[in-house]
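*Asks:* I need the structure of the sequence given here:
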Amino acid sequence: MSVTVIKNGRLVDGNGGESIVNGALAFEGEKIIFVGREEDLPRFDGETTVLDANGGTILPGFIDTHVHMMLEYEPVEQRLATPFSYNFYKSINYMKNTINAGITSVRDCGGTDAGVKQAVENGLIVGPRIQISVTALTTTGGHGDSWTASGQTVKLLLDEYPGMPNGICDGVESVRKTVREVLRAGADVIKVHSTGGVLSPTDHPEFTQFTIEELKVMVEEAKFRRGIKVMAHAQGAEGIKNAIKAGIHSIEHGIYLDDECIELMLENGTYLVPTLLAPVSVLELAEKAGMPDWGVKKAKEAIEAHKVNMAKAYKAGVKIAMGTDAGVMAHGTNLRELALMTDIGMTPMEAIVSTTKVAAECMGWEDRIGTLEVGKLADIVICSTNPLTDIRSLEDNDNIKVVIQGGKVLKETALPVKATV
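*Replies:* Residues are numbered from 1 along each chain as shown. Okay, the predicted model is just below:
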């Protein structure tokens, strides 16, 4: 098996320490076998392929812990006119665009089933490594219940079908059964809506869904049956506290969290996935994507509180993993989130670590991905810029020159010198 060496670049390994100006990396098959200074590169037996980073930056593959790979928000009339199966073909481009942005792994937070995950794993389509939640649990009338005032349902994601259970449940035993159905469908993680949300027709982000008892059953069923974790769409303070007290692993969005929420998160080691890009995108795409007026109104109400409260959580030391809610915005624009994270006080390096090391830890994959270390999977990005001085340069996919996932080159744009010796 041949060795591939990447050199002549600044190396940022994802651990948060000083970058290596003249860094190098080598991998054989799917695993990394060397990380360090170019001058310390060993000689490898047999055929060696050399990739020249051309003075760019060598980074771990990026991770987005909150996406919806089967969705890009569209006007209602367009969704209603789209045949069911057509959505699966559209997702092929969503996944390709995600890879082209340098995102090599994702946690899907609803709408993607086991067949899509399997198609990526088996190489039928190119896409990020995926953890799936299949569908999100919600209460009747809560975020995830698409009932409208007309009495009709207009779903943002696909309706239930074999492999995609209905997530609406009320009461402890109904919740228990629904968790079991979602696990049966192949979920790697359980997703729950513990509050209302911006893009739901009959509730508000501060509305609380599910009792602590119901949430505890989700954690119990997931943990003791499969060792699986639970994540909570949680925007209002009460619903956030209920989720943390129930033992939920990560809080998604967290818009209206307060000081007590922060204290609980620190005590319990709960992760926060801010998705700062989500309400920003609702406003940006309001007209083009046909965002409903009530959704735009709630996004406007939330956006400033979101920034202020995420800054408070960051300063307090809450563990922050990068997530975007991609699908609300176009896939492939994920790394806009990093600049928004620096706007709340994070340094560029901290933002990068949040989308590499911390994101991998949040997903329970820290032994496989997230940092450039010997023995880990060769998930590698080469960009033409220095994101430590210009984090926004990562937003332009043209600056993402090479994307390698598990030792396989999935994107190679204008790569300079490639030689086999």
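*Asks:* poorly predicted segments of the stretch 151-300 of the chain, please.
*Replies:* The model of the stretch 151-300 of the chain has pLDDT under 70 over residues 152, 154, 156.
*Asks:* swap in 50 and give it another go.
*Replies:* Residue ranges of the stretch 151-300 of the chain with pLDDT under 50: none are present.
*Asks:* strands along that one, start to end?
*Replies:* Assigned by DSSP state E, counting those that start in this stretch, the strands in the stretch 151-300 of the chain fall at 190-193, 230-234, 250-253, 271-273.
*Asks:* against which helices or strands is the third one packed?
*Replies:* Contacting strand 250-253 under the criterion 3 or more C-beta pairs under 8 Å, 6 or more residues apart in numbering; DSSP states H and E are the following elements: strand 230-234, helix 237-245, strand 271-273. Quick note: C-beta positions are derived from backbone N, CA and C, even for glycine.
*Asks:* can you pull the buried residues of the second one?
*Replies:* Same thing as helix 237-245. Applying a neighbour-count criterion of 16 or more other C-beta atoms under 10 Å, one finds Ala237, Glu238, Gly239, Ile240, Lys241, Asn242, Ala243, Ile244 buried in helix 237-245.
*Asks:* from Ile132, how far out is Asp108?
*Replies:* Per C-beta to C-beta, to the nearest Å, Asp108 is found 5 Å from Ile132.
*Asks:* before we move on, what about Val230?
*Replies:* 14 Å.
*Asks:* repeat for Glu206
*Replies:* Taken as C-beta to C-beta, the span from Glu206 to Ile132 is 29 Å.
*Asks:* more crowded one of these two?
*Replies:* Neighbours were counted for Glu206 and for Ile132 using other C-beta atoms under 10 Å; Ile132 has more, 24 against 17.
*Asks:* doesn't Ala187 make contact with the more buried one?
*Replies:* Yes - counting by C-beta atoms under 8 Å, Ile132 does reach Ala187; the two are 6.1 Å apart.
*Asks:* send the alpha carbons of stretch 228-236 over as CSV?
*Replies:* Taking Å, rounded to 0.1, in the frame of the first residue of the first chain, the C-alpha atoms of stretch 228-236 are listed here in CSV:
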residue,chain,number,x,y,z
ILE,A,228,-26.9,6.1,22.3
LYS,A,229,-27.0,9.8,23.2
VAL,A,230,-29.9,12.2,23.0
MET,A,231,-29.7,15.8,21.5
ALA,A,232,-32.4,18.4,22.1
HIS,A,233,-33.6,21.2,19.9
ALA,A,234,-34.0,23.6,22.9
GLN,A,235,-34.5,27.3,22.5
GLY,A,236,-36.4,28.5,25.6
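*Asks:* end to end, how far does stretch 261-280 reach?
*Replies:* Using C-alpha to C-alpha, to the nearest Å, one end of stretch 261-280 lies 23 Å from the other.
*Asks:* swap in stretch 98-105?
*Replies:* Stretch 98-105 has an end-to-end distance of 9 Å (criterion: C-alpha to C-alpha).
*Asks:* what mean pLDDT does that stretch get?
*Replies:* Averaging pLDDT along stretch 98-105 yields 98.
*Asks:* list the contacts for Asn386?
*Replies:* By C-beta atoms under 8 Å, 6 or more residues apart in numbering, the contact set of Asn386 is Arg10, Thr57, Ser393.
*Asks:* where does Arg10 sit: helix, strand or coil?
*Replies:* strand (DSSP: H, G, I helix; E, B strand; the rest coil).
*Asks:* do I have it right that it meets Gly56?
*Replies:* Yes - Arg10 lies in contact with Gly56 (C-beta under 8 Å); the separation is 7.4 Å.
*Asks:* quick one, which of these two is more surrounded?
*Replies:* Higher neighbour count among Arg10 and Gly56: Gly56, with 23 against 20, using other C-beta under 10 Å.
*Asks:* ok, the more buried one to Leu410 distance?
*Replies:* Distance from Gly56 to Leu410, by C-beta to C-beta: 17 Å.
*Asks:* contacting residues for Thr57?
*Replies:* By C-beta under 8 Å, 6+ apart, the contact set of Thr57 is Gly9, Arg10, Leu11, Val12, Ser19, Ile382, Cys383, Thr385, Asn386, Pro387, Leu388.
*Asks:* try 7 Å this time
*Replies:* Going by C-beta atoms under 7 Å, 6 or more residues apart in numbering, Thr57 touches Gly9, Arg10, Val12, Cys383, Thr385, Asn386, Pro387.
*Asks:* the fourth one: how many residues sit nearby?
*Replies:* Right, the one you point to is Cys383. Other residues close to Cys383 by other C-beta under 10 Å number 26.
*Asks:* for it, give me phi and psi.
*Replies:* Main-chain torsions, Cys383, degrees, to the nearest 10: phi -110, psi 160.
*Asks:* mind listing what it touches?
*Replies:* Cys383 is in contact with Gly56, Thr57, Leu59, Leu394, Asn399, Ile400, Lys401, counting by C-beta under 7 Å, 6+ apart.
*Asks:* do the same with the first one
*Replies:* Residues counted as contacts of Gly9 (C-beta under 7 Å, 6+ apart) are Gly23, Ala53, Gly55, Gly56, Thr57, Ile58, Ile382.
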